[in-house]
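Student: sequence first, predicted model second:
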Amino acid sequence: MHNYISILTSALVCLLTITVSADELAFYRGVNLGGPAITIDGRRWDGDNAKGLVCKDRVLVLKDRLELSSRTDDARKTMLHSFRWNRGGHVRFADVPAGTYTVWLYVVEDNNPEIFDIAVEEIPALRGLNSGGKGTWQKVGPLVVKIEDGTIDIKTRGGAANICGIEIWKGAPKGVRLLIAPHGGKPLNSAKTTISKAPVSPFLGKFPDHKPRVMVMTDIGGDPDDRQSLVRYLLYTCDFETEGFCTGFGWGHDRKTRPDLIHKAIDAYAKVEKNLRKHRKDYPSAASLKALVKDGSNGNKHQVGAGNDSEASDWIIKVLEKDDPRPVWFSIWGGPRELAQALWKMQQTKSLEELTRLKAKIRVHSIADQDKTAGWIKQNHPDVFYLYSKFLYRGVWQHGDQDIVSRAWLKEHVLTGHGALGAPEVYPIDAHGKKGIKEGDTPSYFWVLRNGLSDPEAPSWGNWGGRFQYSGAGSEFVPAQDIHNGKPDMYYTIWRWRTAYQNEFQARMDWCVKPYNEANHEPKAVCNGKKGIGTVHINARPGERVTLSAKGSSDPDGNTISYRWWNYRDAGTYDADVAIEGGTSEEAAINTPPDASGKTIHVILEVVDSGRPPLVAYRRVIVSVK
């Protein structure tokens with residue numbers, strides 16, 4: 001047994017790592033559901049026929065070995081190959097002495113991903129837990145409850161949950177809060193706030209007038225779509241405070257880093273920089289961007305540790321050390337090795353207090369976790385905020401309107417007559433597996449665009465970069481699904497916005513060559529009298545009428561504007577459609593449903609101009625029904 005146990009807990013919707021002495025907890029019991037008695041970590045676990053265990057869920061013992069997604073010891077591996085499962089499972093432990101207990105659950109996925117909720121003592125503990133793909137296993141907890149009636153009840157609802165084992169300790173780790181009930185009866189789970197129904201630390205609330213800090217980490221030189229994404233990124237450098245362009249490796253690219261390709265793109269940007277500033281004066285200079293290009297390691301892309309420092313990994317530390325409280329968004333287009341190496345070095349050179357302070361600034365949006373150091377980060381630094389875009393990024397080009405991601409569209413609006421940044425040698429006309437626009441890495445910086453649609457630290461809200469939900473492990477969030485034509489569709493969380501983001505790409509390429517009065521620019525959306533891009537929060541009672549107004553919205557080019565209000569049902573916690581009166585008018589209204597108490601309703605305002613191409617400004621309204 002290790003001398004210390006790493007505990008993950010939630011505080012104000014922010015997952016923290018707390019190290020506590022093992023003496024604070026006393027092992028009570030463990031149960032191998034669906035299997036025989038077993039010894040794990042030197043402690044004897046009961047089998048499925050244990051005394052005081054009541055469970056009527058179905059048993060499945062995997063006769064064929066399931067290939068697990070991450071390694072573990074042989075005893076746990078055995079435990080993970082049997083489980084109780086159901087869509088609405090219930091496990092009860094009887095004859096439990098009164099006191100405070102800490103519960104962990106082991107869950108595994110033997111087939112397709114399932115999404116389910118977990119409750120302990122009827123208290124919601126985790127909502128929207130994603131089981132992951134086949135072979136994924138997770139240790140979920142700690143869940144701390146106070147027992148007075150002699151039983152511990154654990155329930156699931158939603159998708160099929162495969163519970164392999166339950167580990168119970170007497171006592172509570174220091175710093176982990178008790179599950180507290182709503183309305184003063186049984187406890188309301190503080191852990192429910194780890195699910196992405198609320199922001200971790202709202203960026204827009206803390207830094208309303210500041211641009212997001214972005215560190216691009218690219219495996220440029222492999223799939224040409226990195227070069228495509230880089231061109232679009234350069235058009236948005238006026239919206240970000242770019243902290244670096246770090247080279248690295250990724251899928252199919254692990255021989256030689258290519259910082260020269262980044263410099264080539266920035267050199268092309270330099271040729272249109274003057275014209276871009278006619279449209280936005282805050283475009284950075286090409287010289288300042290070139291100074292941010294940092295080369296990563298040309299060694300083993302899966303390895304961190306002594307002797308693996310690089311210009312890029314050292315630069316990451318310097319950026320985190322800046323006297324700037326804003327988080328740094330790591331837009332990772334390949335593997336995260338340089339970030340992992342920076343974390344490893346900080347472990348060796350910083351005090352625990354300083355390491356914790358610097359890690360608190362890290363925000364990751366990873367496209368596909370393209371090396372093994374992604375797993376290293378999640379295992380060794382589970383408190384790092386981590387959006388894992390597994391497959392979701394394909395929504396940029398797959399499904400939906402294919403004409404506006406085609407070669408023909410690209411030739412007309414980017415490659416022809418749009419200056420050096422649109423030249424075919426800078427923006428490749430094709431990428432691996434896709435003719436025309438692919439840009440699989442673009443969602444990682446779409447996520448932090450300040451266009452009024454979302455807050456980057458609210459994973460479940462959704463924006464051009466997709467929508468996410470808590471994975472149940474550490475501080476990791478994985479793709480969520482939006483309903484399209486009555487069916488869940490992960491890719492739809494991105495491609496539903498395709499017309500808007502492609503129109504904006506077209507407009508910004510026009511900025512490279514056209515004067516201000518010949519190009520189009522985004523309108524400004526005002527919601528309920530509030531200017532800017534911040535979310536509008538409204539408290540209401542069940543059955544109350546809520547009025548909405550876009551009065552004061554405008555367009556800088558003098559174009560006419562139109563309005564669209566719509567209920568983003570997938571982003572809210574009220575799981576039904578909410579009708580909007582005046583959905584295409586300047587003034588609109590909703591009537592909060594009588595059964596919506598304790599729920600949230602998300603309404604999106606789109607203000608669209610009549611320019612060419614038409615551009616959109618957003619505002620999000622969140623109605624909290626009390």
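Tutor: Thanks, I have the structure now.
Student: show me where the stretch 351-500 of the chain has its helices.
Tutor: Counting by DSSP state H, counting those that start in this stretch, the stretch 351-500 of the chain has helices at residues 352-359, 373-380, 407-410, 443-446, 492-495, 498-511.
Student: could you dump those to TSV with mean pLDDT?
Tutor: Shown next, in TSV, are the helices of the stretch 351-500 of the chain (pLDDT from 0 to 100):
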stretch	mean pLDDT
helix 352-359	89
helix 373-380	88
helix 407-410	97
helix 443-446	97
helix 492-495	98
helix 498-511	98
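Student: deepest-packed of those, please.
Tutor: The highest average neighbour count among the helices of the stretch 351-500 of the chain, using mean count of other C-beta atoms under 10 Å, belongs to helix 443-446 at a mean of 26. In this view, the C-beta of every residue, glycine as well, is placed from N, C-alpha and C.
Student: what is it packed up against?
Tutor: With contacts defined as 3 or more C-beta pairs under 8 Å, 6 or more residues apart in numbering; DSSP states H and E, the packing partners of helix 443-446 are strand 328-332, strand 362-367.
Student: nearest to L615, of those strands?
Tutor: strand 328-332 (23.2 Å; C-beta to C-beta).
Student: buried residues in the helix or strand following the closest one, which are they?
Tutor: Counting by DSSP states H and E, the next helix or strand C-terminal to strand 328-332 is helix 337-349. By 16 or more other C-beta atoms under 10 Å, the buried positions in helix 337-349 come out as R337, E338, L339, A340, Q341, A342, L343, W344, K345, M346.
Student: which residue lies nearest the spatial centre of the protein?
Tutor: In the chain, the centroid-proximal residue (C-alpha atoms, centre = their mean) is L387; its distance is 3.3 Å.
Student: wait, V448 sits on W329?
Tutor: Yes: here V448 reaches W329: they are 5.1 Å apart, a contact under C-beta atoms under 8 Å.
Student: between these two, what contacts are shared?
Tutor: Common neighbours of V448 and W329, counting by C-beta atoms under 8 Å, 6 or more residues apart in numbering, are P212, V214, H365, P456.
Student: wait, which of these is closest to R76?
Tutor: Nearest to R76 among the shared contacts of V448 and W329, counting by C-beta to C-beta, is H365 at 30.8 Å.
Student: and for that closest one, the neighbour number?
Tutor: By other C-beta atoms under 10 Å, 28 other residues sit near H365.
Student: spit out the contact partners of it.
Tutor: Contact analysis of H365 by C-beta under 8 Å, 6+ apart lists W329, F330, S331, I332, L387, S389, P443, S444, Y445, W447, V448, G465.
Student: what's the distance between the spatially closest residue to the third one that is not a sequence neighbour and Q370?
Tutor: Spelled out, it's S331. What sits nearest to S331 in space, not counting adjacent residues and going by C-beta to C-beta, 6 or more residues apart in numbering, is S444, at 4.1 Å. Counting by C-beta to C-beta, to the nearest Å, the gap from S444 to Q370 is 12 Å.
Student: given the helix or strand containing T156, what are its sheet partners and their directions?
Tutor: Applying DSSP H and E as the criterion places T156 in strand 152-158. Taking DSSP bridges as the criterion, strand 152-158 sits next to strand 90-93 (antiparallel), strand 115-120 (antiparallel) in its sheet.
Student: now the angle from the helix or strand just after that strand to strand 115-120?
Tutor: As assigned by DSSP H and E, the chain's next helix or strand after strand 152-158 is strand 161-170. Following axes from the mean of the first three to the mean of the last three C-alpha atoms, to 10 degrees, one obtains 30 degrees for the angle between strand 161-170 and strand 115-120.
Student: who does the closest residue to F240 other than its chain neighbours bridge with?
Tutor: Take F240 and drop its neighbours on the chain: the residue closest to it by C-beta to C-beta, 6+ apart is V214, 4.5 Å away. Counting by DSSP bridges, V214 forms beta bridges with T242, W329.
Student: same deal with E476?
Tutor: Listed beta-bridge partners, E476: Y386 (assigned using DSSP bridges).
Student: and for it, the neighbour number?
Tutor: Per other C-beta under 10 Å, the neighbour tally for E476 reads 23.
Student: surely it touches D383?
Tutor: No: with contact defined as C-beta under 8 Å, E476 does not reach D383; the gap is 10.6 Å.
Student: just want the phi and psi numbers for V231.
Tutor: phi -60, psi -50 (degrees, to the nearest 10).
Student: what about the closest residue to it other than its chain neighbours, how many residues nearby?
Tutor: Distances taken as C-beta to C-beta, 6+ apart place Y427 nearest to V231, at 4.6 Å, with adjacent residues excluded. The number of residues packed near Y427 is 24, by other C-beta under 10 Å.
Student: G150 too?
Tutor: Using other C-beta under 10 Å, G150 has 12 neighbouring residues.
Student: same question for C238.
Tutor: Neighbours around C238, by other C-beta under 10 Å: 17.
Student: which helix or which strand is home to it?
Tutor: For C238, there is no host helix or strand (DSSP H and E).
Student: hmm, R280 and it touching each other?
Tutor: Yes: counting by C-beta under 8 Å, R280 is a contact partner of C238 at 4.3 Å.
Student: the residue nearest to V231 and K281, how far apart?
Tutor: 25 Å.
Student: same question for T547.
Tutor: Distance of T547 to K281, given as C-beta to C-beta: 37 Å.
Student: tell me which of these two has more neighbours.
Tutor: The neighbour comparison of T547 against K281 (other C-beta under 10 Å) goes to T547, with 12 against 8.
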